[in-house]
Structures are given as structure tokens and as C-alpha cells.
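Enquirer: Sequence and predicted structure below; questions after.
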Amino acid sequence: MSNPFFKNKGPFNILEILKVLDIDSNNFQQQKVFDVKDLLSSSNNDLTFFHSKKYRDLANMTKAAFCITTDSLKNELPKNCKPLIVKNVLVSTSIVTGKFYPDSVNDDFDNDVTDIEETILKDKIISGKNVLVGKNIKVGFNCLIGHNSIIEKNVCIGDNCSIGSNTIIRNSLIGNNVKILDNCVVGKHGFGFFPDTNKNLRYPHIGIVKIEDNCEIGCGSTIDRGSMSNTVIGKNTFLDNQIHIAHNVKIGENTIIAGQVGIAGSSVLGKNVKIGGQAGISGHLKIGDNVEIAGGSGVIKDIADNSKVMGYPAKNIRQFLKENK
Amino acid sequence: MSNPFFKNKGPFNILEILKVLDIDSNNFQQQKVFDVKDLLSSSNNDLTFFHSKKYRDLANMTKAAFCITTDSLKNELPKNCKPLIVKNVLVSTSIVTGKFYPDSVNDDFDNDVTDIEETILKDKIISGKNVLVGKNIKVGFNCLIGHNSIIEKNVCIGDNCSIGSNTIIRNSLIGNNVKILDNCVVGKHGFGFFPDTNKNLRYPHIGIVKIEDNCEIGCGSTIDRGSMSNTVIGKNTFLDNQIHIAHNVKIGENTIIAGQVGIAGSSVLGKNVKIGGQAGISGHLKIGDNVEIAGGSGVIKDIADNSKVMGYPAKNIRQFLKENK
Amino acid sequence: MSNPFFKNKGPFNILEILKVLDIDSNNFQQQKVFDVKDLLSSSNNDLTFFHSKKYRDLANMTKAAFCITTDSLKNELPKNCKPLIVKNVLVSTSIVTGKFYPDSVNDDFDNDVTDIEETILKDKIISGKNVLVGKNIKVGFNCLIGHNSIIEKNVCIGDNCSIGSNTIIRNSLIGNNVKILDNCVVGKHGFGFFPDTNKNLRYPHIGIVKIEDNCEIGCGSTIDRGSMSNTVIGKNTFLDNQIHIAHNVKIGENTIIAGQVGIAGSSVLGKNVKIGGQAGISGHLKIGDNVEIAGGSGVIKDIADNSKVMGYPAKNIRQFLKENK
């Protein structure tokens, strides 16, 4: 699992799973299902999902015992994988994932925290007033945690880290020598849900936030944890104030991001990237190494290594400046 | 009144009102004035205001006893409505409104709050540490309020709501099943004032924030209350992190707004609208139903129903992409 | 010194300074160095730095006893100024400045604060719950400080000021009648450092934030203090929510800045400037008096007095609108 924190409540009997999906269980027998995984990583005790022809090759060779899919896709599955036919594969998968990982769906505040002064951490950490710490947290040597900050459950912080005041962290792995300044929120679930006219359906976020050594995160920034994978901030990457990093984003090392930048879900940035203030990067993009993105740019497609871009949509910076004299 | 919270300190004698407006009272007699309202809704005990020829038809038929206006507009008023002649109608109206609703001008912190543990709400609400609650607040069943959050005076929260940590709410009506995540500020006055070289003059904000059922508001967002009308977030609308919604904005139901979007004052959005990250919408616009606005766009004019727009200024998305290949 | 707050830990013997810069001390004798200053303001007890031919004229006449510079620039210095030859002048200057002003490099939370209720300020200030105040702070008459706010060390606040809740202020001079709303961070160091593959090197920020009389700062805003000069918000200037003002920025009086605007480091704005929502201003620019910048614009070059601009890059507003019908 990519996730060390969210507890798998399984195994569940397949008959229970059929019930929450409202599928007739006539043709099924009792069998334990241990986890929900993608087509490739499922073992023969797991359930998987298959929602698009794009993944046909993976579907052909999945080892999963069961697969949530549609009537038109089911014939792509191998014989040992039994299809669960539904109308909307992703919604049904979300429901089942939520059954295995119920803690990953909602981000209600952690009510299981304690004032750090009443814990054994008080002698190890220099902490401000009114610092709250949850269960299953580890903090290394020589760390500081500022006033009113809340380290909710499932946080691991390395050595020599400095957390500011009024900052909230949950479900995160933080390396050594990391600074997270004031008023940040790190590790909340992403903005991921299935729109529905009556009531949008949130899907589980079982990924975490991983912040590697020597990073700095500016004031008022928000870094959401991943849905099925992790959100990662690479080594020695510095973020300025009021930056938003969405779920599943991966940022390489030695990257510099100026104030108010936003990076949408699942985009992957290389190393040594420089991004000017207020730039935005759309979701599911690949930004290469050593890329420079001018402030205010809107990036809507992949950017090759070593490129310098500017504008909205962002294009070669020389071309942009020539066209906009 | 559109506002259930701000207390009308009236009635005031018209002679008192003339005094704060520095108007000679020679031609006036003692008479009680009960409220400040617009031309249409004023009754014959109220004071209204008329500052532009655009509203001539409404002025002709107002029932108000008094009207703040200019010398050049006064003849449009009916005989039973006595004009109060001033240099700047909106400034003078603001001063008088502030006299009736003094609590609506400044947003100094609510010093009348109590730790929730010392109130009867403690048995009804699952609350974190250091939660403060003001007077005149109601909270439904099965609600959560996170650590360090402050529910100032004049807040009504429905059932099954989850408020995050470090969040501040005031002057707001919140429906059922609403989530407001961490570090938000909801219900503060808007950015509305009359610029003045010596000292800008804030005008009253007697509107509230209304968040309907099933909404979600992301971390670090700010939603300002209305000046003369309300700010409204429609049913089942989801806002991502770091979004700013200005005063008087109305957003329809089932709308989805990605991170760092800003919507300026008094704009009205339809239902089923989708807005990409970092888009901005200017003030006083009308955005139709089912509109899609691409991330990073800057909308500076009305958008018809079912349109898809992109760019700055935002235009038809196909046209934009064709022109910007 | 432009800075009343950061304590100079000098004087240091030049031999100590040579040691931290890893320079051979064979040709030097014991001598006290009192401060690090720029070429012009250095006296004959100070150390200065010279990193670019642009400053040759200033270098020719500096009174400093020592100058951090390169081998190729050293001959521009007068005879009484002894060069300290290094590879990277700015990095070395940063290291030495950090030696003189160690408190100005990192912004770890102020652990030396006290609950205001336990200080003599409690009778002078109307304060909320859990308000923390540091050392060396002064507050004038008739001030309010909201719940959970933290006034760290080195803050001077004038009369009639209203600070919101959850706000953090440090290293700042605040005038009279100033409002700083909720969830702000004022006075943190800027986003200034020397990128380095292993570990970026932060440089000292010995400037402060100066907010003049009658200003208002909206919720969730961040105003960074200056590096070698101050960050200044001029008299009667109003900032909306979620604004980011970077280090060394100077904003003139009577300026109005709408939500989510960002101003990058060292830009200087005149008076009576109006900036629409989400506009961005690049660093090191000069924006004249009475300039109007439309919402969403990206300003990348200087703007003359009385101009109205729009677009990205921002240009004459009429031209922009004509080109973008």
C-alpha cells in the first residue's frame, strides 16, 4: 500500500459488498475480499475496477477475484475474475473503497487530540501554547511547533523541523529540516467527489502528503493529500505564501514556487522547476525538469524539460513576449 | 427585512437624522422614522434614498416619508415624500443606515463569546478544544465544531454539519449537511466603503451569508456577507480551498468551484456552474445556468446559459482555443 | 538603521568574520567591525558588499573598512577599504549579515509570549480569549485584539486599532486607526533565499512591516517584512481578503486593492492606486500615482502615473479592450 495510515477494515465477504452495491447475489458464493486495488496490483483475494477501454490490456491480465465494471466491458476480464456489473464504475468503486477505508472519506476534525503538555512529547519538542497532538504521531529531535497548531492523527515529522502557529497537519510524512509556516493546512482530503444533483458523493482519499527533507511551505498554504496515490513535495523545494497544491500532485526536488500559485490535481512536476507568482497549472499534466513558468501563466498542457513558458495558455516565453510587445 | 440578525436601533426622530447629515431643520417637524429601505419597499414611516435617474420610475411611486437625494433629482419624488438634499447620496445614506444598524458597520471581534464547555451547547455538539460561541446562535443535531473555531454571534447552523478547526463564522445561516473546512472566515463584512482622502468611510453591511444544504467550503476560504442583500451559496454547491466570495454574490445550486477562484461583489451565478481553478469573475455580472468557465479565466461580462468560456477576457472556449493554438 | 527591532550582535573582530567566510587571514590584523551596511551608508567601522559593476560609482567612494567582493571588482574600491574576495558576494554577505542579526534569518515561532491576561496590557486592551503577546511590544489606547491572535515580539501598535482573531503579527510598526482582520500573518520574513542544490540558504530579513494610519488589511492576507529595507503600506490604504504583499514592497497612500491580488518583492506603488481582484504585479517594478489596474491583470513592467491598464501583460486598457472584443 502507498498509505501507512488509513486502516483497512477488511476483509469483507463478497456478499456484503454486493449488498452495498445493490447487486443481486444469486450467482455468488461466500468469499472473503481483502482489499480494493487497481487492475495491475490486485491479487486473487482482491477486488478491482475497470471503467474504460483504455485499460483493456490491464483488464485482460488482472489477477483480481472480482471486478466492478459495466456490461459492455465485462468480456475483457479473464475467466477467474468475476464481474460486478454496475451503472457507474467509479461511483461504485468509491462506495466499496469507502467501506474498506471509512476514515479516508470525511475530514471531520480529529477529536482525539490532547494538549501536548499532557503527553510525553512535551519534553522532546519545543512547543507553543495550546498545541494539540493526535494519536499515531511521531516527531524527531530538535523540532518546534508553534502556538495553536494541531498535529492530528497519522503524522510523522523528522528531525530539526519548525512548524509555525495556527497550522493544521494530518496524514502526512514530513522529512528532516522542513519548515511549515503559519496558518497552513496540510493533509486534508482533496477536492474529489462525484457530482450528484441531490448530494455530491465524496470519494475516499487514502493517499498521504509526503514532504521531503529541507522543504519550506509558506504561510496560508494548503496541501491536500492524495486520493489513490500520494501528494509529494520533493527535497529542498520551497513554496511561498498562499499556495494551493491539490491531491496527487508530485513536485520534484529543488523546485521554487512563488506566492499564490495553484497546481491542480494529479499533475507531476520535475526537479529544478521555477514557477512565478499566481501561475496556475491544470490537472493531470507533466511538467519536465528545469522548466521555468513565468508569473501569472496558465499552463494547460505538458511542458518539456528545460522549457521557459509564459502566458495563458502558456507557450514559449520568447514567442509570448514577441507577440505581446 | 432580509436580515434576521442586525438590530434596528430606530425609530429616530427625523430631526436627529437631519443633524447627523448636517441639514438645516427649519422646514421639518418632529416625526419618527422607523427604517432605511430602498425606494420600492419603504413604507410611509421610512426613509429611502434616490441617487440616479435610472431609478426615476421607482422614485415616482415611493411611499417613503423622506428621501435622501440631490437637488437635481428631488422633483422626481411624489409630494408625500420629503427630500433631504445632500451632496453625495450614497455617503449620506450610509451614515444614516449606520445610525439604524450600528453593529453592521465594523467587524471588531465578538468579545461576548464563551467557551462552549461552559454553555448548554456542550452536550449537543461534539466540539474540539478552545471552541468559542457567541450569543444568539443555534446549532442543530449531530454537528461537529473543530478546535479553536469561533462561532460569533448571529449564527444558525442546521443538522449534521461539520465545521473544521481555526474557522470563524458570524452573521450566517447555514443549512443541513454543510461542511466548512479549516481556516475559513465566513460572514465578515464585504470590501465596501466610500474612498476618502483622509479616511475611507465604511458602509454598513446588513446582509448575511446563507449557505444552503449539502454545501462544502474548502480550507482557507473567505465568504463575505452582503451589504443590502445577502450572500448566498446554493444547495449542494462545493467550493475548493482558498476561494474568495465577495459581498452580495449569489451562487446557484449544484455548482462546483475549484481552488483559488475569486468572485467579486454582487455577481449572480446560476445553477450547475463549473469554474476551474484561479478563475475570476468581476462584480455585478450574471452568469447563467450550466455555464463552464475554464481555470484561469477572467470573466468581465455576463455569460449566457449553457456557455463554455475560457480566456481573459473570457470568450467562447472553442474560439479561444482556436485563436491560441 | 531602518530597523528598530533586530538586535545587532556586533561588533565582531574581522578575524572572526574571515573565519566564517573561509578566507585566509594572513594579510589582516585584529579590528572591530560594527555593522554590515550598503556601500553608501557604511562608516569606517563597517563592512559593506559590492557585487555588480552597476554600483561602481558608489564603490569608488565607500567609507567602509571592509568590502565583500570579487577578484574582478576589487580594484574599484578605495585604498582605505580592504576587499574580502569571495566566489558569491551575495551569499557571503548573507552569511555575515546573519552573524550580525541572527534573529532575522529564521522565523521560528516566538516561544517567549505570555497570555495577555497575565501582563499589564490586560487593563489597557480589550482582548479576546487566548491572546498571546511577546516581548518588546507597545499598544496604544482603545485597541482591540481578537481571539487566538498572537502579537509576537517587536510590534508597536498605535491608538484605536482593531486586530481580528487568529491573526499573527511580528516585527511591525502599526499606526493609528488600523484594522487587521482575521487569519492574517504580518511581518514574517520574505521568500528570499539563495537556491542551492543541497539546501537553499535563507538570507536575513532585517526590514520590518510598516502599516500607516487608517489602513485596513483583509482576512487571510500575508504581508512579509523586508530584507534590507521595509515593507510599507501607506496611509488610508485598504486591502481586501487573501492578498499577498511580498518583502520590500512599498504601497502609497489612499490605495485600494481588491481580493487575491499579489505584489511581488521590492515593487513600489504610488498613491491613489486602484487594483482589481486577482491582479498580479511582478517584482522590482515602479507603479505611478493614480494608476488603475484592472482585475486579473498581470503587470510585468513599470506603469506611468495616471495610466489605466489591463491584460497580461498589462497594457493600456482601451487598447486591450479594443483588441479583445
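Expert: Sure, I can see it.
Enquirer: So which bits of the stretch 1-150 of chain A are right by chain C?
Expert: Within reach of chain C by Cβ under 8 Å from any Cβ of the partner chain, the stretch 1-150 of chain A has these residues: A:126, A:128-130, A:144-148. Heads up, the C-betas are built off the backbone N, CA and C, glycines and all.
Enquirer: which of those has the most neighbours?
Expert: Among those, A:Asn148 has the most neighbours (other Cβ atoms under 10 Å in any protein chain shown), with 31 neighbours.
Enquirer: In terms of secondary structure, what does the longest helix anywhere in chain A contact?
Expert: When chain A is parsed with DSSP state H, its longest helix is helix A:89-100. Packing partners of helix A:89-100 (3 or more Cβ pairs under 8 Å, 6 or more residues apart in numbering or on different chains; DSSP states H and E): helix A:14-20, strand A:47-49, strand A:66-69, strand A:193-194, strand A:201-202.
Enquirer: Output those in CSV, with mean neighbour count appended to each entry.
Expert: Below are the helices and strands packed on helix A:89-100 laid out as CSV (neighbours: other Cβ atoms under 10 Å in any protein chain shown):
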stretch, mean neighbour count
helix A:14-20, 17
strand A:47-49, 26
strand A:66-69, 26
strand A:193-194, 15
strand A:201-202, 18
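Enquirer: can you redo those as CSV with distance to B:Ile256 and mean pLDDT?
Expert: Listed next are the helices and strands packed on helix A:89-100 as CSV, based on distance: least, Cβ to Cβ, whole Å; pLDDT from 0 to 100:
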stretch, distance to B:Ile256, mean pLDDT
helix A:14-20, 26, 96
strand A:47-49, 23, 96
strand A:66-69, 25, 97
strand A:193-194, 9, 92
strand A:201-202, 13, 91
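Enquirer: Now the longest helix of chain A: buried residues?
Expert: A:89, A:91-100 (16 or more other Cβ atoms under 10 Å in any protein chain shown).
Enquirer: Give the full set of residues in contact with A:Cys161.
Expert: Residues near A:Cys161 by Cβ atoms under 8 Å, 6 or more residues apart in numbering or on different chains: A:139-140, A:143-144, A:174, A:176-180.
Enquirer: And those residues, which is closest to A:Lys19?
Expert: Of all the contacts of A:Cys161, A:Lys19 sits closest to A:Ile174, with 40.0 Å by Cβ to Cβ.
Enquirer: Quick check: bridge partners of that closest one?
Expert: Bridge pairing for A:Ile174 (DSSP bridges) gives the partners A:Ile157, A:Ile211.
Enquirer: which residues does it contact?
Expert: Neighbours of A:Ile174 in contact, by Cβ under 8 Å, 6+ apart: A:155-158, A:161, A:180, A:210-211.
Enquirer: Quick one: the residues you listed as a markdown table, columns for pLDDT too.
Expert: Listed next are the contacts of A:Ile174 as a markdown table, based on pLDDT from 0 to 100:
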| residue | pLDDT |
| --- | --- |
| A:Val155 | 97 |
| A:Cys156 | 97 |
| A:Ile157 | 98 |
| A:Gly158 | 98 |
| A:Cys161 | 98 |
| A:Ile180 | 98 |
| A:Lys210 | 98 |
| A:Ile211 | 98 |
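Enquirer: What distance do you get for the spatially most central residue of chain A to chain C?
Expert: Closest to where the C-alpha atoms of chain A average out (Cα atoms, centre = their mean) is A:Gly226, at 0.9 Å. For A:Gly226, the distance to chain C equals 25 Å [Cβ to the nearest Cβ, to the nearest Å].
Enquirer: Let me know the helix or strand that that residue is in.
Expert: Using DSSP states H and E, A:Gly226 is not contained in any helix or strand.
Enquirer: excluding its backbone neighbours, what's nearest it?
Expert: Closest residue to A:Gly226 apart from its sequence neighbours, by Cβ to Cβ, 6 or more residues apart in numbering or on different chains: A:Gly207 at 2.3 Å.
Enquirer: what about the one you found, neighbour count?
Expert: 26.
Enquirer: follow-up on the earlier one: and of the contacts of A:Ile174, the nearest to C:Phe109?
Expert: Using Cβ to Cβ, the contacts of A:Ile174 come closest to C:Phe109 at A:Ile180, 11.1 Å.
Enquirer: Now that closest one. Nearest residue, chain neighbours left out?
Expert: A:Ile217 (4.5 Å).
Enquirer: I figured the one you found was touching A:Lys179, is that so?
Expert: Yes - counting by Cβ atoms under 8 Å, A:Ile217 does reach A:Lys179; the two are 7.0 Å apart.
Enquirer: Which one's more surrounded, the two?
Expert: Neighbour comparison, A:Ile217 and A:Lys179: the larger count goes to A:Ile217, with 28 against 21 (by other Cβ under 10 Å).
Enquirer: A:Gly164 versus the more buried one, what's the distance?
Expert: Distance of A:Ile217 to A:Gly164, given as Cβ to Cβ, to the nearest Å: 9 Å.
Enquirer: pLDDT score assigned to A:Phe5?
Expert: A:Phe5 is assigned 83 on the pLDDT scale.
Enquirer: next one: A:Gly218
Expert: Confidence score, pLDDT, at A:Gly218: 98.
Enquirer: what about stretch A:105-115 and chain B, any contact?
Expert: Yes - judged by Cβ under 8 Å from any Cβ, stretch A:105-115 and chain B are in contact via A:106-109, A:111, A:113, A:115.
Enquirer: what about A:Ile208, how many neighbours?
Expert: Here the count is done by other Cβ under 10 Å, and A:Ile208 has 24 residues near it.
Enquirer: Please apply the same query to A:Val273.
Expert: With other Cβ under 10 Å as criterion, A:Val273 counts 24.
Enquirer: Now for it: which residues touch it?
Expert: By Cβ under 8 Å, 6+ apart, A:Val273 lies in contact with A:251-252, A:255-257, A:287, A:289-293.
Enquirer: switch the cut-off to 6 Å
Expert: Going by Cβ atoms under 6 Å, 6 or more residues apart in numbering or on different chains, A:Val273 touches A:255, A:291.
Enquirer: again, but for A:Phe238
Expert: With contact taken as Cβ under 6 Å, 6+ apart, A:Phe238 is in contact with A:216, A:256, C:200.
Enquirer: One more: A:Ser165?
Expert: Per Cβ under 6 Å, 6+ apart, neighbours of A:Ser165: A:146-149, A:182, C:109, C:150, C:168.
Enquirer: Repeat that for A:Ile17.
Expert: Applying Cβ under 6 Å, 6+ apart, the residues contacting A:Ile17 are A:Val96.
Enquirer: Could you report the distance from it to A:Lys99?
Expert: Remark: distance between A:Ile17 and A:Lys99 (Cβ to Cβ) = 7 Å.
Enquirer: Tell me how many other residues surround A:Thr114.
Expert: 14.
Enquirer: Name whatever forms a beta bridge with it.
Expert: Bridge pairing for A:Thr114 - DSSP bridges - gives A:Val133.
Enquirer: any idea of the pLDDT on it?
Expert: 97.
Enquirer: Equivalent analysis for A:Gly187, please.
Expert: 97.
Enquirer: Compute the distance between it and chain C, please.
Expert: A:Gly187 is 19 Å from chain C, by Cβ to the nearest Cβ.
Enquirer: didn't that residue look like it was pressed against A:Val209?
Expert: Yes - counting by Cβ atoms under 6 Å, A:Gly187 touches A:Val209, with 4.7 Å between them.
Enquirer: I am finished for the moment; much appreciated.
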